[in-house]
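> need a 3D model of the following:
(one chain, ligands or ions: 1)
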Amino acid sequence: MTASPIRFVACPFCGGEDKLRLADNADPSSMTHWVTCDKKGCECDGPWRKSPEAAVEAWNTRTGVRTHG
Ligand SMILES: [Zn+2]
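Reported below is the predicted structural model:
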């Protein structure tokens, strides 16, 4: 079984893909994951979800609203 690489759609704010990464909140009582853009001057966050997979899904299907979802 091979893990498929995570694919992010380009950041809707800066258009970049290379600075996207998964972030998470280490607090075990509210484990939260989201995709964040580290590009200087952008630094937006995607919707917060309970799993990395869901966070990526939420990022990839978002409509460009700069908010925590
Ligand atoms: Zn960006």
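
> wasn't D24 part of a helix?
No. Applying DSSP: H, G, I helix; E, B strand; the rest coil, one finds D24 to be strand, outside a helix.

> tell me the contacts of it?
By C-beta atoms under 8 Å, 6 or more residues apart in numbering, D24 lies in contact with 31-34, 52. All C-beta atoms are positioned from the backbone trio N, CA, C, and that covers glycine.

> also R7?
Residues near R7 by C-beta under 8 Å, 6+ apart: 56, 60.

> let me know the helix or strand that H33 is in.
strand 32-37 (DSSP states H and E).

> cool, and E57?
Using DSSP H and E, E57 falls within helix 52-61.

> near the ion, anything from that helix?
No. Helix 52-61 is not in contact with the ion by C-beta under 5 Å from the ion; minimum separation 10.9 Å.

> pull out the buried residues from that helix.
55-56, 58-59 (16 or more other C-beta atoms under 10 Å).

> quick one on the thing from earlier: how about the strand holding H33 and the ion, touching?
Yes. Strand 32-37 lies within reach of the ion by C-beta under 5 Å from the ion, at C37.

> which other residues reach that strand?
With C-beta under 8 Å, 6+ apart as the test, strand 32-37 has contacts from 8, 11, 13-14, 16, 19-25, 43-52, 54-56, 58-59, 68.

> buried ones from these, can you make that a PyMOL selection?
Provided next is the PyMOL selection string for whichever of the contacts of strand 32-37 are buried by 16+ other C-beta under 10 Å:
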select buried, resi 8+11+14+20+22+44+45+46+47+48+49+55+56+58+59
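
> ok, the contacts of D24 vs T2, which is closest?
Compare each of these with T2 using C-beta to C-beta and the shortest gap goes to P52, at 17.2 Å.

> so for that closest one, what's the pLDDT?
pLDDT, P52: 92.

> is the closest residue to it other than its chain neighbours in a bridge, and if so with what?
What sits nearest to P52 in space, not counting adjacent residues and going by C-beta to C-beta, 6 or more residues apart in numbering, is H33, at 4.7 Å. Residues in a beta bridge with H33, per DSSP bridges, are D24, R49.

> same thing with D45?
T36.
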